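Participant: here is my input, please return the structure:
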Amino acid sequence: MARKKCAFLAVLTVLPLMSAPSWAQQSKTESVETTSAGVSEDDAIANGIKDILDRALEGIAGDEAAGNIGDRFYAAYGNDPEKLRKRYFTSDFRTDCKPSGKQIRCLIEAEIKFAALDNDVKKIMQNLTATTTKDMVFAVQDNYPKSPQNDKLVTAIGREFETAGHRFEKKNDMNFHGVAMKITGIRFVGFKYDPYTKREDGALDVNFELWYVHPSNNSFKAERIASDVATESTYVAGTNPEALAVELETHLITAAARSFVQRVNSQIVDFMARK
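Facilitator: Just a heads-up that it's a prediction; the model follows:
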């Protein structure tokens, strides 16, 4: 089902509840402010709602928000702006609309239910990958850079795949049917305590390559899917630097593992759609 295209002008401002590089946070709501225009007040508000959701979808599903996953989202949950508003926004939804030439321009200030949206999109992605990757193995190549931190990350990634219903393994070959995930770089950044703000900031970048491995002529063939990176950043506040470093590492590893699995799912869906 093709997504309905709306002609509109909108400028979106996200007011994050915590420091992070994208919409993909674990907070339950996000404060947003957007300016949108339309031929009527209802049209302008509808355009603003769709713009906010489109940008939030992009933060969750990446490029696939404008493709297969976005199409399936609107097919599943509709294009009716009032139904979308009730499902994905809190009651704190304010509009200020005024004539602007031949159009109506509206300022929208609202709270988006990010956790609800994130959950619905994940269901769509899991259903897609469950269909396209049935009986396939998701294998991290065992030559990733070894360290206690990195081992914790790979363990967390494995748990995320298994929670999503996938079979996860570590392998040092490509003699299997599934997705080979080669982690080429893991970088923990920051981890410096600021005594003035009483907080510790950090980031985690996970670079990886994906390969689709399948049987071919009594052997196995590997087709390159993509190179990608999962990036997360955040901070923790307190007065004990050593305890904060442990807490920050845990937060980053958990968030990066989720982001890694989401990026893998998105890349696989896009790859399978092209085959």
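
Participant: for the stretch 51-200 of the chain, just list every one of the helices.
Facilitator: For the stretch 51-200 of the chain, the helices defined by DSSP state H, counting those that start in this stretch cover 68-77, 81-88, 114-132, 148-163.

Participant: quick one: low-confidence ranges for the stretch 1-150 of the chain?
Facilitator: 1-27, 62-67, 126-135 (pLDDT under 70).

Participant: give me the neighbour count for the nearest residue to residue 197 once chain neighbours are set aside.
Facilitator: Closest residue in space to residue 197, ignoring its immediate chain neighbours: residue 237 at 7.8 Å, by Cβ to Cβ, 6 or more residues apart in numbering. Every residue, glycine included, has its C-beta placed from N, CA and C. Neighbour count for residue 237, taken as other Cβ atoms under 10 Å: 11.

Participant: ok, residue 237 to residue 205 distance?
Facilitator: Distance, residue 237 to residue 205, by Cβ to Cβ, to the nearest Å: 23 Å.

Participant: just residue 169 next, same as before
Facilitator: As judged by Cβ to Cβ, residue 169 and residue 205 stand 24 Å apart.

Participant: what about the closest residue to residue 103 other than its chain neighbours, distance to residue 58?
Facilitator: Counting by Cβ to Cβ, 6+ apart, residue 103 lies nearest to residue 37, which is 4.6 Å off, once chain neighbours are set aside. Distance of residue 37 to residue 58, given as Cβ to Cβ: 21 Å.

Participant: so between those two, which is more surrounded?
Facilitator: Legend: neighbour count by other Cβ under 10 Å for residue 37 and residue 58, higher for residue 37 (20 against 17).

Participant: my read: the more buried one touches residue 47, true?
Facilitator: Yes - using Cβ atoms under 8 Å, residue 37 is in contact with residue 47, at 7.0 Å.

Participant: ok, the nearest residue to residue 110 once chain neighbours are set aside to residue 80 distance?
Facilitator: Once flanking residues are discounted, residue 110 sits nearest to residue 93: 4.5 Å by Cβ to Cβ, 6+ apart. Look at residue 93 and residue 80: by Cβ to Cβ, they are 15 Å apart.

Participant: now do the same for residue 241: its pLDDT.
Facilitator: What the model reports for residue 241 is a pLDDT of 93.

Participant: specify the local secondary structure of residue 209.
Facilitator: Classification of residue 209 using DSSP: H, G, I helix; E, B strand; the rest coil returns strand.
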